[in-house]
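A.B. asks: Sequence and predicted model, in that order:
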Amino acid sequence: MSNVGAQINWYIPQRVVYIRWDATVTLDTIEQVSAAVRTLMDEATAPCHILNDARDVASYPVNVMEIRGVMTFIDHPKLEWLISITSNPVVTFLADIVPQMITKTRSKATMDVDIALDFLRCADCSLDWSQALMLGAYNMVESRPA
């Protein structure tokens, strides 16, 4: 499912949501993505996890309180882990601090996709990795096509 500012898909159906943010992220983008992710998580089997791929993000809001106000998926009762993939230290900080401010959702940030996936494998051994999907025209390990 493409949304303004991000691509949102199931990575493992009904269990792991994958968000890949575009280069420019606004509060409006976060609000729209949050609504779409909440809809997916409503139909998910708990526990549900999010792979939050922010590797392409170059511009983003930094006011934590404003982000907190629009990032509604973070307090979904089925959400267990929010795992962010980014090399940007500010995005890493936001990915760690915003979930702590809103809920008890656990979060982890890493620069490496393989580390994110390995972490998720260890965090939830009930996931069926044979169900993991390719994501559109590119997969999450590679950069977006030009």
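C.D. replies: Cool, the structure landed. Numbers count the residues shown, from 1 in each chain.
A.B. asks: Could you check how far the residue lying closest to residue 91 once chain neighbours are set aside is from residue 126?
C.D. replies: Nearest non-adjacent residue to residue 91, counting by C-beta to C-beta, 6 or more residues apart in numbering: residue 54, 5.0 Å away. Any C-beta I mention is one placed from the backbone N, CA and C, and that applies to glycine too. In this view, residue 54 and residue 126 are 26 Å apart by C-beta to C-beta, to the nearest Å.
A.B. asks: Comparing these two, which shows the higher neighbour count?
C.D. replies: Between residue 54 and residue 126, counting by other C-beta atoms under 10 Å, residue 54 is the more crowded of the two (23 against 7).
A.B. asks: ok, that one - contacts?
C.D. replies: Shown in contact with residue 54 (C-beta atoms under 8 Å, 6 or more residues apart in numbering): 21, 25, 84, 85, 86, 88, 91, 95.
A.B. asks: again, only using 6 Å
C.D. replies: Contacts for residue 54 were tallied using C-beta atoms under 6 Å, 6 or more residues apart in numbering; they are 21, 84, 86, 91.
A.B. asks: Next, format those residues as JSON lines and append pLDDT.
C.D. replies: Shown next, in JSON lines, are the contacts of residue 54 (pLDDT from 0 to 100):
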{"residue": "21", "pLDDT": "94"}
{"residue": "84", "pLDDT": "91"}
{"residue": "86", "pLDDT": "91"}
{"residue": "91", "pLDDT": "76"}
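A.B. asks: Can you flag the buried ones in those?
C.D. replies: 21, 84, 86, 91 (16 or more other C-beta atoms under 10 Å).
A.B. asks: ok, now which ones touch the second one?
C.D. replies: Translated: residue 84. 52, 54, 95, 109.
A.B. asks: Inside strands: which ones of these?
C.D. replies: 52, 109 (DSSP state E).
A.B. asks: Mind checking what helix or strand follows the helix or strand of the chain with the lowest mean pLDDT in sequence?
C.D. replies: Sorted by mean pLDDT, DSSP states H and E, the helices and strands of the chain end with strand 2-3, the least confident at a mean of 58. Using DSSP states H and E, the next helix or strand after strand 2-3 towards the C-terminus is strand 6-12.
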